[in-house]
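# Have a look at this prediction, sequence included:
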Amino acid sequence: MTPTKTPEFRKVITTKATGNHREHNHHKGLAMSLKFSHLLPNTLRTAASILALSCTSNLAIAQDLSTFRVGMTAADIPLTTGNPDQGFEGFRFMGLMLYDSLVEWDLSSADKPSTLIPGLATEWSVDPDDKTKWTFKLRQGVKFHDGSEFTADAVVWNFDKVKDPDSPQYDPRQAGLAAARIPSIVAVNKIDDYTVQIVTDVPNAFVPYQVSYWMMSSPAQFEKVGDWEAFAQAPSGTGPWKFVSMQPRKQVTMARNPDYWDPDRVPASDQVQLIPTPEASSRTSALLSGQVDWIEAPSPDAIPQLEGAGMQIVTNSYPHNWAIAPSRAAGSPWNEIDVRKAANLCIDRQGIDQLLGGMSIPAEGHVTPDSPWFGQPTFKLGYEPDDARSLMEQHGYTQDAPLHVKIAISTSGSGQMQPLPMFQYIQSTLNQCHFDVEAEVMEWNALLALARQSAEAPDSVDKGINGIIISRSLMDPYSAFTRLFDSHRVPPNGSNWGMVSNPEYDKLLKAAREEFDPDKQDKILSELHEKVVDNAEWIWVTHDVNPRALAPNLKGFVQAKNWFQDLTPVHLEE
Amino acid sequence: MFSYILRRVLYTIPIALGVTVICFLLVQLGPGDPINALLPEEATQEMIDQVKAEYGLDKPLPVQYATWLGHALTGDLGTSIATGRSVSTEIFSALGNTLMLAFGGMLVSFVVGLTLGSIAGSRQGTLSDRVVTGFAVTGVSVPHYWIAIVLVAIFAVGLHWLPAMGMGPRGSTGFALDWAHIQHFVLPIFALSLIPTGIIARSVRGSVSETYGQDFVQTLRAKGMPERQVFVHVARNACSAAIAVMGLQMAELLGGSILIETVFVWPGTGQLLNNAIFMRDLPILQGTILIMALIFVATNLVADILQALIDPRIRR
């Protein structure tokens, strides 16, 4: 833990914020401007110095070590009412800051894969006789930011918020966002003030993962303000940060919740400000000019410049994947395993890593090699163009008669990394292995629309699309495997766009869903992963490492192997 | 004069309607819909249908358009699909931010463009003419987002003189008349005014030099009129063309610049529109485009009326 929890440290922050720091910055600004100004004639140089002095002092006065600022990639402030929009960035910078869920992710380590830990529930278990019934024991003494107490009634109320259209607190926006993440839960019953029973449609061991995406808003605050629109302006949860103010599309400010139930996670900083900055080069400039202290996803070509300016670049593996999901509809050339294997052997993943400035983990399978679900697949995803060509030749494809494939890809989008340069790179190597790869380039929203239907839908068939590149979160077993490889999860029932259908996968997925011992569940999933890789089910390319750039004086941040991150230990030092 | 104004005002109605119909159809023609931005991919069909019904997206297109138009006529532009906030509130807060930039850009480009154009026009063929023309051509040709990025690289990242983005200092929630706030306007206004300055300078130069070539100028000079007074006559004759071009430039500036607002993370109408396009946020798109079309039409109308007032030839 950081030294920030001690009163002494806070004293240090306060002194520096009001004293030396201002002067320090002042000199730094002047020094930099002088460095540039020796290119100028004398008079201009004097004028420049005076101007620099007046301007930098203003910038410096505005700086304050008790508040750190984050440049997000989102274009707007995520929804503040509970379950956030803006994908996982919304969870990272809003949902998990103002709110808690019953079960949370351990984000304290950069080394081990993050696992589920108790959140607003201290323990949970499934009824051994009826595995559709779970008991969750709730944490006692937890208070919402408005002062009301968190109890079993609040959990039931929050269930109705997203599942019961007849309840006064039903919120269609949160329902759309949350209900899809807790699909198997059919009822929540209060047992006593600090115990709830969660009922599922079928036995489902993934319930703890599902409830980790379900945020608890304050019923008392909702009663007080009357509706969700007003609640959005004065949100109240139990999270480590309290809402202070928000200007749509400009910024949101949050302050430390000194009474947070987990004393280890009381924020080290007084305040944090989150600023929507969708343009990568603007984020980089904002960090370099000292307007923000932390930026999400700097573009790979800006990283040398950021490092040169003394910024910290932090990366880590996390459950993300960038791959081609091939169509397995009737008549698709990808139905031949050798073709899929050939494609996998003809992707220069190290080359992609270089293209990304080292900001990637070359794929060795569907999940990252450090995942508990990786297992020991026998098919190695190397770059073996000769082997690939001979596999293709066995099926009659040659340089003169290559296999034509058409892959849908977006120009940008959440988790898509640098989609077009990466695509061109893999296209160039695949085309040397008797493939003739064509891109169907579209905008992100259009690609999402395409992915909401299967490979057999007219949108794909009419354009001859037989592959799709859409980055995936592999946070939990459902996201990583079920929705992608279960034959029942063809859109709109899941994300199995390519219509993969393998009874072995279905059997293992059912077994994992019904295995309530986490270690045994991991074992089943690694067996599944081995099969998926050995069957070359997808053409895997890379995993992102979620680069972030932090100001030199921003301390305490530990980048967990997760889409979510903990901002509570973060603080600025002189 | 009155009937001229009335006629022009009436023209705005079919223009505004046409703009909204075209915008509505264009958005529908493209693939994708707001559901993709609203719901996670795991959302079931039932949930998608429910949300579509909630926002009226399940109705036929003509019905959707008619409903929107009906509300818009009563001043209700609806609520944003993406944020749930009122469209009018979103547009007017964004418009306020854009106007602050636009007026700054107008001031700079009108003053600089007029001055440079007049100097160049009245000294045709001299060095100052060539310098101004060179500057004007550069201003028109250089992409302003590129200039914006270069300005940020020099003045924000390199010299630390000016902020790289945003509308105000840390923690600021509104606008105040102090350097801490004003410094945020310097780079965006400079970048924004470059193109209009170039265009205005070029047009003014053209029309001033053309007027100087006319017979009446020769007559005035032959009468022995001092050169300064000759210029007043020339200016009066040339200003009609200048007003027309300034009117167009003003309308352009008021519409906001998606690129400049994106580079400087400026929460104006350009950025609002940009987000709305990616989110397929139809109410925001429709509302913003309607308001911007009305501003465009109104600005041109004012410019035309001014022209008519100054130049009797147009009234005829």
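In hand now; what should we look at?

# Low-confidence ranges, the chain, go.
With no chain named, the answer covers chain A. A:1-63 (pLDDT under 70).

# The intended chain is chain B.
B:170-174, B:255-256, B:314-316.

# Near residue 208, how many other residues are there?
Reading this off chain A. Burial of residue A:208 is recorded as 22 neighbouring residues (other C-beta atoms under 10 Å in any protein chain shown). Placement of C-beta: from N, CA and C, glycine included.

# nope, chain B
Applying other C-beta under 10 Å, we find 27 residues neighbouring residue B:208.

# Likewise for the one 5 residues further on?
Residue neighbour count, defined by other C-beta under 10 Å, stands at 10 for residue B:213.

# Over to it: give its phi and psi.
phi -80, psi -10 (degrees, to the nearest 10).

# Next one: it from residue B:232, what distance?
Per C-beta to C-beta, to the nearest Å, residue B:213 is found 17 Å from residue B:232.

# so what's residue B:97 closest to, chain neighbours aside?
residue B:268 (4.3 Å; C-beta to C-beta, 6 or more residues apart in numbering or on different chains).

# Pull the number of nearby residues for the nearest residue to residue A:131 once chain neighbours are set aside.
Leaving aside its sequence neighbours, residue A:131 sits nearest to residue A:203 (C-beta to C-beta, 6+ apart; 3.7 Å). Using other C-beta under 10 Å, residue A:203 is surrounded by 18 other residues.

# mind checking the SS state of residue A:203?
coil (DSSP: H, G, I helix; E, B strand; the rest coil).

# how far away is it from residue A:135?
Residue A:203 is 15 Å from residue A:135, by C-beta to C-beta.

# Where does residue A:343 fall, secondary structure wise?
Using DSSP states H and E, residue A:343 maps to helix A:337-345.

# Just the buried positions in that helix, please.
Across helix A:337-345, burial judged by 16 or more other C-beta atoms under 10 Å in any protein chain shown covers A:338-345.

# could I get these as a markdown table with distance to chain B?
A markdown table is the format used below for the buried residues of helix A:337-345 (distance: C-beta to the nearest C-beta, whole Å):
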| residue | distance to chain B |
| --- | --- |
| A:338 | 30 |
| A:339 | 27 |
| A:340 | 23 |
| A:341 | 28 |
| A:342 | 29 |
| A:343 | 24 |
| A:344 | 24 |
| A:345 | 30 |
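
# Among those, which one sits closest to residue A:412?
Nearest to residue A:412 among these: residue A:343, at 24.2 Å, using C-beta to C-beta.

# Surely that closest one is in contact with residue A:389?
No. Here residue A:343 does not reach residue A:389: they are 11.6 Å apart, not a contact under C-beta atoms under 8 Å.

# Overlap of the contact sets of these two?
Common neighbours of residue A:343 and residue A:389 (criterion: C-beta atoms under 8 Å, 6 or more residues apart in numbering or on different chains): residue A:433.

# what about stretch B:249-258, distance to the chain center?
1 Å (C-alpha atoms, centre = their mean, to the nearest Å).

# related to what we said a few turns ago, could you tell me which residues within the following helix or strand past the helix holding residue A:343 count as buried?
Per DSSP H and E, helix A:337-345 leads on to helix A:349-355 as the next helix or strand towards the C-terminus. Residues of helix A:349-355 classed as buried: A:349, A:352-353, A:355 (neighbour count, 16+ other C-beta under 10 Å).

# who in the stretch 251-400 of chain A is up against chain B?
Listed as neighbours of chain B in the stretch 251-400 of chain A under the rule C-beta under 8 Å from any C-beta of the partner chain: A:253, A:273, A:275-279, A:281-282, A:285-286, A:288-291.

# Farthest-apart pair in the residues you listed, please.
So, these by C-beta to C-beta: farthest apart are A:253 and A:281, at 25.0 Å.

# how much space between residue B:227 and chain A?
Counting by C-beta to the nearest C-beta, to the nearest Å, the gap between residue B:227 and chain A amounts to 34 Å.

# Report how many residues lie close to the nearest residue to that residue once chain neighbours are set aside.
Nearest residue to residue B:227 in three dimensions, chain neighbours excluded: residue B:221, at 8.0 Å (C-beta to C-beta, 6+ apart). For residue B:221, the neighbour count with other C-beta under 10 Å is 13.

# Residue B:221 is in contact with residue B:230, isn't it?
Yes. Between residue B:221 and residue B:230 there is a contact under C-beta under 8 Å: 6.2 Å.

# picking that back up, ok, of the buried residues of helix A:349-355, which one's closest to chain B?
Closest to chain B out of the buried residues of helix A:349-355 is residue A:355 (22.7 Å), distances taken as C-beta to the nearest C-beta.

# SS state for residue A:440?
Local secondary structure at residue A:440 is given as strand here, using three-state DSSP.

# Any idea what it is bridged to?
Taking DSSP bridges, one finds residue A:408 as the beta-bridge partners of residue A:440.

# Next up, the contacts around it.
Per C-beta under 8 Å, 6+ apart, neighbours of residue A:440: A:406-409, A:463, A:465.

# Would you format those as a markdown table with distance to residue A:506 and neighbour count included?
Below are those laid out as a markdown table (distance: C-beta to C-beta, whole Å; neighbours: other C-beta atoms under 10 Å in any protein chain shown):
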| residue | distance to residue A:506 | neighbour count |
| --- | --- | --- |
| A:406 | 28 | 16 |
| A:407 | 26 | 23 |
| A:408 | 26 | 25 |
| A:409 | 29 | 21 |
| A:463 | 29 | 13 |
| A:465 | 25 | 22 |
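
# May I ask which two of those residues are separated the most?
Greatest spacing in these, by C-beta to C-beta: A:409 and A:463 (12.6 Å).

# do you know how far residue B:309 is from residue B:129?
If you go by C-beta to C-beta, the gap between residue B:309 and residue B:129 works out to 31 Å.

# same question but for residue B:241, I mixed them up
On the measure of C-beta to C-beta, residue B:241 and residue B:129 end up 18 Å apart.

# Equivalent analysis for residue A:174, please.
65 Å.

# What of residue A:197?
In this view, residue A:197 and residue B:129 are 86 Å apart by C-beta to C-beta.

# Mind checking which of those two has more residues around it?
Legend: neighbour count by other C-beta under 10 Å for residue A:197 and residue B:129, higher for residue B:129 (18 against 15).

# Checking that one next. Helix, strand or coil?
Classified using three-state DSSP, residue B:129 is helix.

# Enumerate every residue touching residue A:524.
A:508, A:511-512, A:515.

# Residue A:134 belongs to a helix, doesn't it?
No. Read with three-state DSSP, residue A:134 is strand and lies in no helix.

# who's in contact with it?
Residue A:134 neighbours (C-beta under 8 Å, 6+ apart): A:124-127, A:197-200, A:207.

# for residue B:211, same thing?
B:121, B:217, B:234, B:237-238.

# From those, which land in strands?
Counting by DSSP state E, no part of the contacts of residue B:211 is found in strands.

# now these in CSV, with distance to residue B:139?
Listed next are the contacts of residue B:211 as CSV, based on distance: C-beta to C-beta, whole Å:
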residue, distance to residue B:139
B:121, 16
B:217, 28
B:234, 24
B:237, 25
B:238, 20
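
# which one of those residues is nearest chain A?
Using C-beta to the nearest C-beta, residue B:121 is the member of these that lies nearest chain A, at 31.0 Å.

# Look up which helix or strand the closest residue to that closest one other than its chain neighbours falls in, please.
Distances taken as C-beta to C-beta, 6+ apart put residue B:208 closest to residue B:121, at 2.7 Å, once the chain neighbours are dropped. Element membership of residue B:208, judged by DSSP H and E, is helix B:179-212.

# Check which residues of that helix are buried.
Per 16+ other C-beta under 10 Å, helix B:179-212 contains these buried residues: B:180-181, B:183-209, B:211-212.

# and that helix, how far from the chain's centre?
13 Å.

# again, but for stretch A:132-152
26 Å.

# buried set for that stretch?
So, applying 16+ other C-beta under 10 Å, buried residues of stretch A:132-152: A:132-134, A:136-139, A:142-146, A:148, A:150-152.
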